[in-house]
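*Asks:* let's see this in three dimensions:
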Amino acid sequence: MYSGYNFYKREIAGATAEVNDPNAAWKNMEPHWVLIEDLMGGSYEMRRKHRRYLPQEPRELDDAYDNRLARSVCPPYYQRLERMLGGMLTRKPVRLNDVPDVIREQLFDVDLQGNDLNIWTYETARKMIRYGHVGVLVDAPRDASGRPYWVTYTPRDILGCRCEVIEGQQKLTQLRLLEKVIEPDGEYGEEIVEQVRLLTPGAYEIHRRNNDGDFKLFDEGSTTLSEIPFSVAYSNRVNLMESRPPMEDIAELNLKAYQTQSDLDNQLHISAVPMLAFFGFPQTSEEVSAGPGEAIAFPADGRAEYIESKGTSYNAQFDRLKQIEAQINELGLAAVLGQKLSAETAEAKRIDRSQGDSTMQVVAQQMQDMIDNSLIFHAQYLRSGATGSSFVNRDFLAQRLDPQEIGSLLQLYTSGTITQETLLRQLHEGEVLGDEFDIEEELEATQQASLIEMDQPLEEEKEEEPEESAEPEDESDETP
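*Replies:* This is a model prediction of the structure:
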């Protein structure tokens, strides 16, 4: 007999003996991923896991349960909230500071999959919000002609790691990553092969699953870097390489909305069809049919009428659905604005852009640090001394400066209190100037224009200066 609670009572057992065995941190995190991953699969995945999320009622026939399951649709609250939070993070492009041109150009295809840095940041941030943390490996082909690229790994793919404190810093000494590669099979087919990438400082090993299901050494070699080029970003850290999904409570509410809506839809489907009832009709009579071309003979005190449900009990279920939606919206608002403003709206109080206790602020800071670390590894592959840095957007909600604030900034500039660069940065952050506006180029252009204006008056003064007149001849020397 199946019991859904057995899934939640799983015990961590077994030692990590093989290269493909996950460590204890992975086993602690895995139960928290299952519901979220199924919600990301939509109604199809929820129906496929039907008995776990939508149990069959006692004495409910299999056909009736199948029909109820086919009519049940999972509302995409979690999916859309995750996309919204990822979009807020990349509402403004990632800003690169002092990054060499060769690296900046390669970041237009950062993962060799056609994604630039902004699209890659959006997808990586979504995975970080979904699982609790995410890792990025900066890899490069073995031949010198290849260039570095960034690969994102979710916690499900990070099987285990080991760390040591080296020169006052915590460094990775071993890392095991689960990968799936596609190999050609025959003339047109393809085969998905599982493999484990084992990384150590300066070396790597590839272990592939064979036909017997065991992982055997497939390839090995050395790397050009003396450390493992892997960086991690957390959205809800518990320990090293261990975290919890920050929106797990929203996923549980999404499941509750799915179950409640399924029950309500099933009841509405049954009660929407009126039932024909006969009163005073003999029970010993033959089967009775009713239709527009048929007539029924009743006894003197017999009658027939349609009975339908009044639906007075449905209001409670409708109210429950609205309550769940409100809880999801409130938790989603808290993820952006922090717990202090979770019960307030933008109209009730001006939103502070720098809420330090919000999930999105943590995601933005961690993402920025991970990009900076990846830039360092990227530069090391290219043997470049300069790496540069990045800045990830923290203005999650659009807040354009009003005319009064713009006027105040202009007064400060004209009085000499702030510089032109400060004025332009404030206007750019206040969304008065476009996203493509380059402050450095504007400052350079205005400086050149001012120099040209200073040179023009000098040239005009030279042109207007009268020529020196010839000295008059001395008439005293002339003879009368």
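*Asks:* mind telling me what element the residue nearest to residue 385 when sequence neighbours are not counted is part of?
*Replies:* Closest residue to residue 385 apart from its sequence neighbours, by C-beta to C-beta, 6 or more residues apart in numbering: residue 379 at 7.5 Å. The C-beta positions use only the backbone N, C-alpha and C, and glycine is treated the same way. Here residue 379 is covered by helix 359-381, with elements defined by DSSP states H and E.
*Asks:* how about that helix: buried residues?
*Replies:* 359-364, 366-375, 377-381 (16 or more other C-beta atoms under 10 Å).
*Asks:* how much space between residue 218 and residue 208?
*Replies:* Computed as C-beta to C-beta, to the nearest Å, the residue 218 to residue 208 distance reads 4 Å.
*Asks:* these two - which one has more neighbours?
*Replies:* residue 208 (17 against 14; other C-beta atoms under 10 Å).
*Asks:* ok so that one is a strand residue?
*Replies:* Yes: secondary structure of residue 208 (DSSP: H, G, I helix; E, B strand; the rest coil): part of a strand.
*Asks:* model confidence for it, exactly?
*Replies:* pLDDT, residue 208: 95.
*Asks:* tell me the contacts of it?
*Replies:* By C-beta atoms under 8 Å, 6 or more residues apart in numbering, the contact set of residue 208 is 193-195, 215-216, 218.
*Asks:* beta partners for residue 197?
*Replies:* Beta bridges link residue 197 to residue 177, residue 206, judged by DSSP bridges.
*Asks:* grab the nearest non-local neighbour of residue 126.
*Replies:* Distances taken as C-beta to C-beta, 6+ apart place residue 86 nearest to residue 126, at 4.2 Å, with adjacent residues excluded.
*Asks:* and that neighbour, how close does it get to residue 122?
*Replies:* The value you get for residue 86 to residue 122, if C-beta to C-beta is used, is 5 Å.
*Asks:* same deal with residue 326?
*Replies:* Counting by C-beta to C-beta, the gap from residue 326 to residue 122 is 28 Å.
*Asks:* neighbour count for those two, which is higher?
*Replies:* residue 122 (18 against 10).
*Asks:* surely that one forms part of a helix?
*Replies:* Yes: the assignment for residue 122 by three-state DSSP puts it in a helix.
*Asks:* pretty sure it sits against residue 90.
*Replies:* Yes: taking contacts as C-beta atoms under 8 Å, residue 122 lies within contact range of residue 90: 4.5 Å.
*Asks:* now do the helices in the stretch 101-250 of the chain.
*Replies:* Under the criterion DSSP state H, counting those that start in this stretch, the stretch 101-250 of the chain contains helices at 101-106, 117-131, 248-271.
*Asks:* of all these, which lies closest to residue 412?
*Replies:* Closest to residue 412 of the helices of the stretch 101-250 of the chain, according to C-beta to C-beta: helix 117-131, at 32.5 Å.
*Asks:* can you tell me which residue is nearest the centre of the chain?
*Replies:* residue 126 (1.9 Å; C-alpha atoms, centre = their mean).
*Asks:* isn't residue 156 right up against residue 30?
*Replies:* Yes: counting by C-beta under 8 Å, residue 30 is a contact partner of residue 156 at 7.4 Å.
*Asks:* and the helices of the stretch 101-250 of the chain as JSON lines, adding mean pLDDT and distance to residue 321?
*Replies:* Below are the helices of the stretch 101-250 of the chain laid out as JSON lines (pLDDT from 0 to 100; distance: least, C-beta to C-beta, whole Å):
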{"stretch": "helix 101-106", "mean pLDDT": "93", "distance to residue 321": "49"}
{"stretch": "helix 117-131", "mean pLDDT": "95", "distance to residue 321": "25"}
{"stretch": "helix 248-271", "mean pLDDT": "84", "distance to residue 321": "6"}
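*Asks:* so which of these is the most packed in?
*Replies:* helix 117-131 (a mean of 22; mean count of other C-beta atoms under 10 Å).
*Asks:* contacts for it, please.
*Replies:* 29, 33, 36, 40, 82-83, 85-87, 89-90, 93-94, 96, 107-108, 110-111, 115, 134, 136, 150, 152, 154-156, 233-235, 243, 245-247, 359, 363, 366-367, 371, 392.
*Asks:* got it, and stretch 411-424?
*Replies:* 409-410, 433, 439, 442-443, 446.
*Asks:* what about the stretch 251-400 of the chain, any weak spots by pLDDT?
*Replies:* For the stretch 251-400 of the chain, applying pLDDT under 70 flags the ranges 270-278, 280-297, 304-314, 335-357, 397-400.
*Asks:* swap in 90 and give it another go.
*Replies:* Along the stretch 251-400 of the chain, the parts satisfying pLDDT under 90 run over 257, 259-361, 383-387, 393-400.
*Asks:* next: the stretch 1-150 of the chain.
*Replies:* 1-17, 50-51, 54-60, 64-65, 67-68, 71, 84-85, 88-93, 95, 141-146.
*Asks:* who's in contact with the residue nearest to residue 35 when sequence neighbours are not counted?
*Replies:* If the residues on either side of it in the chain are set aside, residue 35 comes closest to residue 251, at 5.2 Å by C-beta to C-beta, 6+ apart. Residues near residue 251 by C-beta under 8 Å, 6+ apart: 35-36, 39, 78, 245.
*Asks:* let's go with 7 Å and repeat that
*Replies:* 35-36, 39, 78 (C-beta atoms under 7 Å, 6 or more residues apart in numbering).
*Asks:* roughly how far apart are it and residue 88?
*Replies:* Noted for residue 251: a distance of 19 Å to residue 88, by C-beta to C-beta.
*Asks:* quick one: stretch 22-32 to chain centroid distance?
*Replies:* The chain centre lies 22 Å from the centre of stretch 22-32; the measure is C-alpha atoms, centre = their mean, to the nearest Å.
*Asks:* related to what we said a few turns ago, just the contacts of residue 251: which are in helices?
*Replies:* 35-36, 39, 78 (DSSP state H).
*Asks:* so the closest residue to residue 153 other than its chain neighbours bridges to which residues?
*Replies:* Using C-beta to C-beta, 6+ apart and skipping the chain neighbours, the partner closest in space to residue 153 is residue 135 (4.6 Å). Taking DSSP bridges as the rule, residue 135 bridges to residue 153, residue 232.
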